[in-house]
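Chemist: Give me coordinates for this.
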Amino acid sequence: MDANFTNPILLSIPESLESNRLLIRAPLWGDGEAVNAAVIESIEELRPWMPWAQTIPTLEESEISIRRSRLQFLERTDFRLLLFLKETGQFIGGSGLHRIDWQSRKFEIGYWVSTSFSKQGYITEAVEAITNYAIQALQANRIEIRCDSLNLLSARVAERLGFTLEGILRNEKCDVAGALRDTMVFSKVRGTEF
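Modeler: Below is the predicted model of the structure:
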């Protein structure tokens, strides 16, 4: 990749990657149905942490969200990624690289998993693969994971993968109920952690 490029839309970026058990890829038209089913199954676990999971989406809303994400991927403004089991092709969750700053090459990783696939190491595996993808394919200089200080499962993913807890931003954000919450900020930085 040319260090002097000025527009990320010119970048040739792989649309999929694999880990041991997962195919991780950009959204495609038609993925809304699988995402919708997983969100419906997992709504109670997602609701406390995910602003987008406050109501059960319709199938149409899920497909619209997928199509918007596809366009954002092509525009290089956000990289939503879908997680599928390689063995069966079943959709199990979502992740991605968000809040992209191309000038500094900073990315934030977000993630969620369908309830029936939680606590099986899939998210740790996916985040590790996406971190490597950001480092290698996107030449990341900084990768962040941010989570509510009460979201211990999310924080454990960052800790397991060697992300450094840089600090806790106090009263930084309102939770889904509108109460002020603290945000944990984890990172990996080029030259230090990779």
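Chemist: now the strands for the chain?
Modeler: Under the criterion DSSP state E, the chain contains strands at 16-18, 22-25, 79-85, 91-101, 106-113, 142-148, 164-174, 180-189.
Chemist: now those strands in TSV, with mean neighbour count and distance to residue 158?
Modeler: C-beta coordinates here come from the backbone N, C-alpha and C atoms, glycine included. Below are these laid out as TSV (neighbours: other Cβ atoms under 10 Å; distance: least, Cβ to Cβ, whole Å):
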stretch	mean neighbour count	distance to residue 158
strand 16-18	14	20
strand 22-25	20	18
strand 79-85	23	17
strand 91-101	20	13
strand 106-113	22	9
strand 142-148	21	4
strand 164-174	12	8
strand 180-189	18	4
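Chemist: right, so of these, which gets closest to residue 154?
Modeler: Closest approach to residue 154 among those is made by strand 142-148 (3.9 Å; Cβ to Cβ).
Chemist: which outside residues touch the closest one?
Modeler: The contact list for strand 142-148 (Cβ atoms under 8 Å, 6 or more residues apart in numbering) reads 49, 99, 104-109, 127, 131, 134-135, 154-155, 157-158, 163, 173, 175, 181-190.
Chemist: next one: stretch 66-84
Modeler: 8-9, 11, 13, 15, 22-32, 34-35, 90-98, 100, 102, 107, 113, 122, 126, 130.
Chemist: pretty sure residue 94 is touching residue 39, no?
Modeler: No. Contact between residue 94 and residue 39 fails when scored by Cβ atoms under 8 Å: they sit 9.0 Å apart.
Chemist: Any stretches of the protein with poor pLDDT?
Modeler: Residue ranges of the chain with pLDDT under 70: 1-6.
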